[in-house]
Each structure stands twice: as structure tokens, then as C-alpha cells.
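Student: my questions are about this predicted structure, shown below with the sequence.
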Amino acid sequence: MAGLIGIVTSYQKDTMRKRNTLQSCVDNGLLTTEGLHANIEACEEAFLKKFREKMKLTCKLMVIVKEERKLAGLDNEESSSDNPVLTDKYWYLLTVRPPHDICFGTFSNRIELFVNRTMISSAEYSYEQTGESLDELGKGFHCHLVLHSPYAPSKLLEIINKDFVGWHSVVGKDSQKYLKCKRDLEFARNYIRGEKHNDSKKPAVLMNTAWREKLKLKTLYDIPRREG
């Protein structure tokens, strides 16, 4: 999200500068009013193209979708003595979904390369699918990751955009870019282990076992904490 806000802010500044320059040309008789409007319209079209592309490429950080947090009783959670703020920031829950034309082998290789990057201090992750029957087994495969990184959200997001160009993720609320409290982290770790509060997800969770056995996948993958 920070990257998108940066694009908008930069566009606003550039547009103001260009508008002032063009207006000076109009005042000096070097440009017609129609020409001024045409130039500004071209700037707007260029911006919208860039903005749409950024929206397409952005793989957003999230805690989890709104209904899951609500069902888990975390919607209005605040820090307290039994739910302290995490001091070793930053912790994230990230969900990555590949394009439909990518095979699972290519997808898992990309995930493995990502979690082994030096910017990731530790990682726990699981592969899931959305098929609810044997006929649909493997449909909509994706990966949930609980990550620890020394990188703040805006920087990590910038790198993720490059690693997963054109890929998709589940999008949470803007205020849920990273895990802030101990209870959030526990929730995230349980979530990637298959503990879903939304009943509509449970048939797919049951099918995950058969799918993982078919592909010889572990229930959970773990990269221990590494310093530096």
C-alpha cells in the first residue's frame, strides 16, 4: 500500500509542477487553453496506466481477511498484559496465489527461493488448495507464510512485488499489514496449520491432507530463526 500511496503523491506533485509550467505558457501566448487541457489529460492517462499496473503487480501484506479475524475474536483486540506487543518486529502473515497457468512445481520453487532470501529471518509456511472434493483436488493452490524479517512493511512489500510480479494475494485491511501482538502471531501460526474459523473453508481443509499426500508435501515447512 505504501508503494501505491507513493505513486499518487508523486503524481500530485508532478501534475502541479506541469500545470504551473503549462499555465505560464498559456499566459505568454505559447500554448492555447485547449493545449493545456490536452496535456493534462495525457498526464492523467499516463498516471492511470501506471497505477493500474502497480495495483496488478502488488502482492499485499496482510494479517488475515476481515471475517476470519472477527470469527477468531481479534477484531478489536488491543495490547494487554496477556497479549503483549511483539518487540522483535517485524512479523508477517502473507498469502501468495500464483496465476492459473503456473504449475505447482514452478510455484513451490518460487516460494522456496523467496523464503531462503537473506531478508527473511525465519519462516513457517504451508501449501493449501481450495478443492472440496477428490474431483477438485489441487484446485486453487496457494501458500500461507508466517515470516519474520528486519524489513519494515513498505520495504518488504517493494521486494515482494519484484519476486512475485503479476501474482496475487489475499488482501487484508490497511491496518493489518503485519502482526503486532502475541495473540496475532499465535492466530497466524494456527491459521497456516489449518485452524480456520470460517466453516465454509473446512471442506477444503479436509481435502488438503489428500492433496499433500498425493504430492508428497509436508503439512508444515519451517526455516528456523537465523540472525544477520
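Tutor: Thanks, I have it.

Student: tell me which stretches of the chain form strands.
Tutor: 91-96, 122-128, 142-148, 221-223 (DSSP state E).

Student: helices or strands up against the last one?
Tutor: For strand 221-223, the elements it packs on are strand 122-128, judged by 3 or more CB pairs under 8 Å, 6 or more residues apart in numbering; DSSP states H and E. (C-beta placed from N, C-alpha, C; glycine too.)

Student: returning to what we had before: let me have the strands of the chain in a markdown table, adding mean pLDDT as columns.
Tutor: Formatted as a markdown table, the strands of the chain follow (pLDDT from 0 to 100):
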| stretch | mean pLDDT |
| --- | --- |
| strand 91-96 | 86 |
| strand 122-128 | 94 |
| strand 142-148 | 90 |
| strand 221-223 | 92 |
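
Student: nearest to Tyr178, of these?
Tutor: strand 91-96 (5.0 Å; CB to CB).

Student: report the inter-axis angle for that closest one versus strand 142-148.
Tutor: 160 degrees (axes from the mean of the first three to the mean of the last three CA atoms, to 10 degrees).

Student: what helices or strands is strand 91-96 leaning on?
Tutor: With 3+ CB pairs under 8 Å, 6+ apart as the test, strand 91-96 has strand 142-148, helix 153-163, helix 182-192 packed against it.

Student: cutoff 10 Å now
Tutor: helix 104-115, strand 122-128, strand 142-148, helix 153-163, helix 182-192 (3 or more CB pairs under 10 Å, 6 or more residues apart in numbering; DSSP states H and E).

Student: name every strand pairing with the second one and say which way it goes.
Tutor: Read that as strand 122-128. strand 142-148 (antiparallel), strand 221-223 (antiparallel) (DSSP bridges).

Student: for those strands, which one sits closest to Leu30?
Tutor: Here strand 142-148 is closest among the strands paired with strand 122-128 (CB to CB), at 54.5 Å.

Student: about what we covered before: looking at the strands paired with strand 122-128, which is buried most?
Tutor: Each of the strands paired with strand 122-128 was scored by mean neighbour count; the highest is strand 142-148, a mean of 22, by mean count of other CB atoms under 10 Å.

Student: relative to helix 153-163, how tilted is it?
Tutor: Using the same axes, to 10 degrees: strand 142-148 against helix 153-163 is 140 degrees.

Student: make 28 the starting number, not 1.
Tutor: Sure thing, new numbering starts at 28, so read that last one as strand 169-175.

Student: tabulate the CA atom coordinates of strand 169-175 in CSV.
Tutor: C-alpha atoms of strand 169-175 as CSV (Å, rounded to 0.1, in the frame of the first residue of the first chain):
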residue,chain,number,x,y,z
HIS,A,169,-1.6,-21.2,-2.7
CYS,A,170,0.8,-20.7,0.1
HIS,A,171,0.4,-19.2,3.6
LEU,A,172,3.6,-17.9,5.2
VAL,A,173,4.4,-16.6,8.7
LEU,A,174,7.5,-14.6,8.3
HIS,A,175,10.0,-12.7,10.5
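
Student: what separation is there between Lys45 and Trp238?
Tutor: Applying CB to CB, to the nearest Å, the value for Lys45 to Trp238 is 53 Å.

Student: ok, the spatially closest residue to Met234 that is not a sequence neighbour to Leu233 distance?
Tutor: Spatial nearest neighbour of Met234, excluding adjacent residues (CB to CB, 6 or more residues apart in numbering): Gly158 at 5.3 Å. Look at Gly158 and Leu233: by CB to CB, they are 10 Å apart.

Student: more neighbours: those two, which one.
Tutor: Shown here are Gly158 and Leu233; by other CB atoms under 10 Å, Gly158 has more neighbours (19 against 12).
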